[in-house]
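Participant: curious how this folds, go ahead:
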Amino acid sequence: MDLFIYSDESGVFDKEHNEIFVYGGLIFLGKKQKDEYVRRYLAAEKAIRGGKYTNGSELKACRITNKEKGKLYRSMGNAIKFGVIVNQKNVLDRIFLSKKDKQRYLDYAYKIGLKRALQQLIMTGIIEKNIDNIFMYNDEHSTATNGRYELREGLEQELKLGTYNMQYNKFFPPLFETMQGIQLDFCDSKKVTLVRAADIVANRIYYMALNRKLENLSGIYLSTLP
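Facilitator: Have a look, this model is predicted:
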């Protein structure tokens, strides 16, 4: 079986002016399930668009009402959702001194959040360890080409090859040792339906975290860092 994972972010990674930063996403078990949720989300968008938004406009979380965001979120029903919340006040100041260090930290946060969600899915028997491939689609932001390559390599280490901690002389085995490979694409959300859905998930997590309402957020595999 293949996994299809769609992700987006919410917030600004800027410790001086922002409290939290969030990644949110969706995990689909096989192409059939993924295609079913594409149809559901497109139907929800069509119902919301009506005569209020033009057909060419993208229904991003930052442009629509809370009620409309709620409808889009509910259209994802029982889809597997995951997220990671970064409490920026706890992040080392030196991380914010360079763009490269900031991106490396965000990549680390994303990898940890996704890995923990997948570990929970394995532990509860929702997915098995004999995954064939993982296809990942992230919203395109300002990540440089070499940064995208580094993220893909990092994900492959965590999920397919395993990681080695030199300080503790310990090897951490991969989650999917027999997996064939990982494909990571950075997409224009206007063209990829479920990346838009991931935007809504990330926005929901961000809103709930910022307003201290996380206890009302159920059905999401959520991690908090640091």
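
Participant: give the buried residues for stretch 16-36.
Facilitator: I20, F21, V22, Y23, G24, G25, L26, I27, F28, L29, K34 (16 or more other Cβ atoms under 10 Å). For glycine as for every other residue, the C-beta is placed from the backbone atoms N, C-alpha and C.

Participant: now, which of the residues you listed sits nearest G77?
Facilitator: L26 (11.0 Å; Cβ to Cβ).

Participant: partner strands of the longest strand along the chain, parallel or antiparallel?
Facilitator: Using DSSP state E, we find that the single longest strand of the chain is strand 20-29. Using DSSP bridges, strand 20-29 pairs in its sheet with strand 3-10 (antiparallel), strand 80-87 (antiparallel).

Participant: so which elements touch the worst-scoring helix or strand of the chain on mean pLDDT?
Facilitator: Using mean pLDDT, DSSP states H and E, the weakest-scoring helix or strand in the chain turns out to be helix 145-156, at a mean of 82. If you count contacts as 3 or more Cβ pairs under 8 Å, 6 or more residues apart in numbering; DSSP states H and E, helix 145-156 packs onto helix 99-123, strand 181-187.

Participant: just want the angle from the first one to strand 3-10.
Facilitator: By that I understand helix 99-123. Angle, helix 99-123 to strand 3-10, by axes from the mean of the first three to the mean of the last three Cα atoms, to 10 degrees: 140 degrees.

Participant: ok, then the element right after helix 99-123?
Facilitator: Moving toward the C-terminus from helix 99-123, the next helix or strand (DSSP states H and E) is strand 133-139.

Participant: what's the angle from that following strand to strand 20-29?
Facilitator: On the basis of the same axes, to 10 degrees, strand 133-139 is oriented at 140 degrees to strand 20-29.

Participant: which residues are in contact with strand 133-139?
Facilitator: If you take Cβ atoms under 8 Å, 6 or more residues apart in numbering as the criterion, strand 133-139 is touched by 2-9, 155, 159, 176, 179-187, 189, 192, 194-195, 198-199.
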